[in-house]
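Enquirer: Predicted model, plus sequence, below.
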Amino acid sequence: MAKPFDPRKILKHIDNSLLREFFSRRGELQNVPWEELTEYKVEPVFEAWQRLPEAAQLEVQVLLRDVHELADHRGVAALVELVRQRCGDRAAELEAQGGEADKAMWTYLNAPAVFQDAAMFARADALAAGRYWEKRNGLPKRELDVDEGLKRRLADALTSYYGPLQMRGRFCKVAHYARSGGAEYFFAYLDDYPGKHVVFDDHGRPSMEAGRYAFENVFVYNSGEGTMESYAPGGRQVRQPLEAAFCQAVLGVEVGPADPLRPSYRLDHLLRTDYPLAADPRDRVVEARITSMRLSPQGSNGSVEIKADIKGPPNDIYRKIDRWLSDKHLPRETTGVQRVTFRLLFQHEGPGRAPTMTFTVGVPSSCDLKSWPDDKREVGERCLKLWEVTGDDEE
């Protein structure tokens, strides 16, 4: 779901020097007294923007909406990942930007292609948190050679499904993006049912306009894991044939309904008191701790979540668990761990606070590490392996 958009608020979160460069490149807002503006004083900028011609106002609004969508943890992670991958010599400049919105606007000004692709990845990451995002594993692990022919096969497979059954999706455009870690993203845009919408002309007069708008499917195939994730509203009766269509068109294999997702993570052993959270010395981790743990008694549909004191000792979670399990008579041998949140504290030299990293793992296959840039994600993955949360594939 899109975040609420307040144009004044996003203008306040973008450094004035970046705003000035943005409008200067467009040849606009030249009469704004930029030298006299203090940070967060955006009314002169906002008012000058609103005096622009209607078309120019809308162009700026579209860009600010994209900046707004990227101005959070998920969006900045996508920006950092792509800047390091495509123009690594400028990564330090991106890091030097003060806030999340600054990083997004700087990328738009200095690496527009990265900005556009990061917006796509951030959108996919946001969809992954929704109800229609599904994952299946057990697929062949093969490197893809994505060309126009492959994208056309996928588009044809999707239109062959949607057209006869739903009388929409007769046209399809597939966009492909390769992400680090072996993930291949396929965004499929299909024409929706025709409809009429109220639109305004340049003079503010409303009218009805008919058109065929687009809806979206997203597929993510990871060659290293043999997994596929997908976003396709409509429930199982829609998802299963679309998964089969994707696998046939892209992987050249026939698949039936997905088997139950094989567990990717195990957490019950972390309930052992003072379980050691070691780290690889090269990762410069000063401290690793568990900040919360969700427990479920065997045979129960309920659960309890225990949170540690972040200012307490690293093993504070176990002090809380000892007291809770004793008070509530939940025996460890019949209590399972459903979800754990970890926090890493890194070595730090120089001013400011030491950097930290927080991520959550849930059984059987939930983990939000992919929302971090590659270097941080790899640290987390090494830690999970050391902590025996993950292990080698049994294939």
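Expert: Everything's here; your move.

Enquirer: Mind listing what's buried along stretch 31-40?
Expert: Buried residues in stretch 31-40, defined by neighbour count with 16 or more other CB atoms under 10 Å: V32, W34, L37. From N, CA and C alone the C-beta is placed, and that goes for glycine too.

Enquirer: And stretch 160-174, by the same measure?
Expert: Across stretch 160-174, burial judged by 16+ other CB under 10 Å covers S160, Y161, Y162, G163, R168, G169, C172, V174.

Enquirer: and if you look at stretch 349-369?
Expert: Residues of stretch 349-369 classed as buried by neighbour count (16+ other CB under 10 Å): M357, F359, V361, G362, V363, C367, D368, L369.

Enquirer: What of stretch 72-81?
Expert: Quick answer for stretch 72-81 (16+ other CB under 10 Å): D72, R74, G75, V76, A77, A78, L79, V80, E81.

Enquirer: Show me what the one helix or strand the third one maps to is packed up against.
Expert: In this case it means G75. G75 belongs to helix 73-86 when elements are defined using DSSP states H and E. Helix 73-86 makes packing contacts with helix 54-70, helix 91-96, helix 100-110, helix 112-127, helix 374-386 when contacts are defined by 3 or more CB pairs under 8 Å, 6 or more residues apart in numbering; DSSP states H and E.

Enquirer: Can you pick out the most distant pair from the buried residues of stretch 349-369?
Expert: Of all pairs drawn from the buried residues of stretch 349-369, the one with the longest distance (CB to CB) is M357 and V363, at 21.0 Å.

Enquirer: could you pull out the helices for this protein?
Expert: For the chain, applying DSSP state H gives helices covering 7-12, 16-25, 43-50, 54-70, 73-86, 91-96, 100-110, 112-127, 148-166, 236-246, 316-328, 374-386.

Enquirer: between those helices, which one is nearest to G302?
Expert: Across the helices of the chain, G302 has its closest neighbour in helix 316-328 (11.5 Å, CB to CB).

Enquirer: who does the closest one touch, helix- and strand-wise?
Expert: strand 285-297, strand 304-307.

Enquirer: tell me the contacts of the nearest residue to W324 once chain neighbours are set aside?
Expert: Sequence neighbours aside, I306 is the residue nearest to W324 in space, at 5.7 Å (criterion: CB to CB, 6 or more residues apart in numbering). By CB atoms under 8 Å, 6 or more residues apart in numbering, I306 lies in contact with S292, M293, R294, L295, I317, K320, I321, W324.

Enquirer: and the residues you listed, which are buried?
Expert: Applying 16+ other CB under 10 Å to the contacts of I306 flags S292, M293, R294, L295, I317, K320, I321 as buried.

Enquirer: Mind putting the residues you listed into TSV with pLDDT and distance to A249?
Expert: Listed next are the buried ones among the contacts of I306 as TSV, based on pLDDT from 0 to 100; distance: CB to CB, whole Å:
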residue	pLDDT	distance to A249
S292	95	42
M293	94	42
R294	93	39
L295	91	43
I317	94	47
K320	89	51
I321	88	49
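
Enquirer: Now compare those residues and name the two farthest from each other.
Expert: The span of those, defined through CB to CB, is set by R294 and K320 at 12.7 Å.

Enquirer: average pLDDT for stretch 143-153?
Expert: Average pLDDT, stretch 143-153: 94.

Enquirer: Show me which positions of it end up buried.
Expert: If you call a residue buried by 16+ other CB under 10 Å, then stretch 143-153 has these buried ones: V146, L150, K151, R153.

Enquirer: Tell me if I'm right that the last one and L251 touch.
Expert: It stands for R153. No. Taking CB atoms under 8 Å as the definition, R153 is not a contact partner of L251, at 10.8 Å.

Enquirer: which residue is nearest the middle of the chain?
Expert: D125 (2.6 Å; CA atoms, centre = their mean).

Enquirer: What residue, apart from its backbone neighbours, is nearest L63 spatially?
Expert: Y108 (6.8 Å).

Enquirer: Also V146?
Expert: Of all residues not flanking V146 in the chain, H176 sits nearest, at 5.0 Å (CB to CB, 6+ apart).

Enquirer: Next up, the contacts around the one you found.
Expert: V146, K151, E184, Y185, F186, F187.

Enquirer: Quickly list what it is bridged to.
Expert: For H176, the beta-bridge partners are F186 (DSSP bridges).

Enquirer: That one and G163: what is the separation?
Expert: H176 sits 22 Å away from G163, going by CB to CB, to the nearest Å.

Enquirer: residues in contact with Y275?
Expert: By CB under 8 Å, 6+ apart, the contact set of Y275 is H269, Y318, W387.

Enquirer: Relative to V379, how far out is it?
Expert: As judged by CB to CB, Y275 and V379 stand 19 Å apart.

Enquirer: and if you look at L52?
Expert: L52 is 46 Å from V379, by CB to CB.

Enquirer: Show me which of the two is the more surrounded one.
Expert: V379 (22 against 16; other CB atoms under 10 Å).

Enquirer: Confirm for me that that one is in contact with M357.
Expert: Yes. Contact criterion CB under 8 Å: V379 and M357 qualify, at 7.1 Å.

Enquirer: any common contacting residues for these two?
Expert: Taking CB under 8 Å, 6+ apart as the criterion, V379 and M357 both touch L344.

Enquirer: circling back to that earlier point, can you convert the helices and strands packed on helix 73-86 into TSV and add a column each for distance to T227?
Expert: TSV is the format used below for the helices and strands packed on helix 73-86 (distance: least, CB to CB, whole Å):
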stretch	distance to T227
helix 54-70	26
helix 91-96	29
helix 100-110	29
helix 112-127	15
helix 374-386	15
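
Enquirer: hmm, back to that, got the angle for the helix holding G75 vs helix 54-70?
Expert: With axes from the mean of the first three to the mean of the last three CA atoms, to 10 degrees as the basis, helix 73-86 and helix 54-70 are set at 90 degrees to each other.

Enquirer: pLDDT below threshold where in the protein?
Expert: 1-3, 128-132, 180-181, 196-197, 201-202, 210-212, 259-263, 299, 326-330, 391-395 (pLDDT under 70).

Enquirer: Got the domain ranges for it?
Expert: 7-117, 133-251, 268-386 (automatic domain parsing).
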